[in-house]
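Trainee: Need a 3D model of the following:
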Amino acid sequence: SSTNISASASEERVVVLQRSDRGLGLKVAAPNANVHARGVIVSEVIEDGVAARSGKVFAGDVIVAINKMNTLNATYEEVIHALTKPGAVELTLSADTSLLGLDPELLHQVIKAANERKNSAPTVQPQQQQQQ
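Mentor: Down below sits the predicted model:
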């Protein structure tokens, strides 16, 4: 991997989220689960949730660390455990998906799949209204 990545891509953002009664307002996915599970990305930022209101958390972000614990090699379970601890959560995020050795196209598919699941899940087929 090249070391001269543009500063904006490799720049890390630190955001502290105060958990609300609805949680942090983000969903995570382990995009490498089919290879060797390491590293987790933000797959969805829930509208009007804590993460969305921070303005610093975006779908596709790599979670670099949680409360200063490096999570680039963490398993999905470890990340979920760290995210669900009570109290505020300090996230270190990066838009640089090469940190996980991820192909941006693959990442795009992971996020798209997560959003498609979200959109298709709650829809219960209504009874056909036309039927008399």
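Trainee: for the residue most central in space within the chain, what are its contacts?
Mentor: Among the residues of the chain, Val42 comes closest to the average C-alpha position under CA atoms, centre = their mean, at 0.8 Å. Counting by CB atoms under 8 Å, 6 or more residues apart in numbering, Val42 touches Leu26, Lys27, Val28, Ala51, Val57, Phe58, Ala59, Gly60, Asp61, Ile63, Leu93. C-beta coordinates here come from the backbone N, C-alpha and C atoms, glycine included.
Trainee: tell me the mean pLDDT for the strand or helix carrying it?
Mentor: Here Val42 sits within strand 41-45, counting by DSSP states H and E. The average of the pLDDT scores along strand 41-45 is 93.
Trainee: Near the closest residue to Val42 other than its chain neighbours, how many residues? Count them for me, please.
Mentor: Nearest non-adjacent residue to Val42, counting by CB to CB, 6 or more residues apart in numbering: Asp61, 4.5 Å away. Residues lying near Asp61 (other CB atoms under 10 Å) number 25.
Trainee: now do Phe58
Mentor: Using other CB under 10 Å: Phe58 sits among 14 other residues.
Trainee: Give me the three-state assignment for it.
Mentor: coil (DSSP: H, G, I helix; E, B strand; the rest coil).
Trainee: ok, now the one 5 residues further on?
Mentor: Going by three-state DSSP, the secondary structure assigned to Ile63 is strand.
Trainee: Kindly report the same for Ile111.
Mentor: helix.
Trainee: Relative to Ser98, how far out is the closest residue to it other than its chain neighbours?
Mentor: Nearest residue to Ile111 in three dimensions, chain neighbours excluded: Ala59, at 5.3 Å (CB to CB, 6+ apart). Applying CB to CB, to the nearest Å, the value for Ala59 to Ser98 is 17 Å.
Trainee: where along this protein do the strands fall?
Mentor: 12-17, 26-29, 41-45, 62-66, 69-70, 89-94 (DSSP state E).
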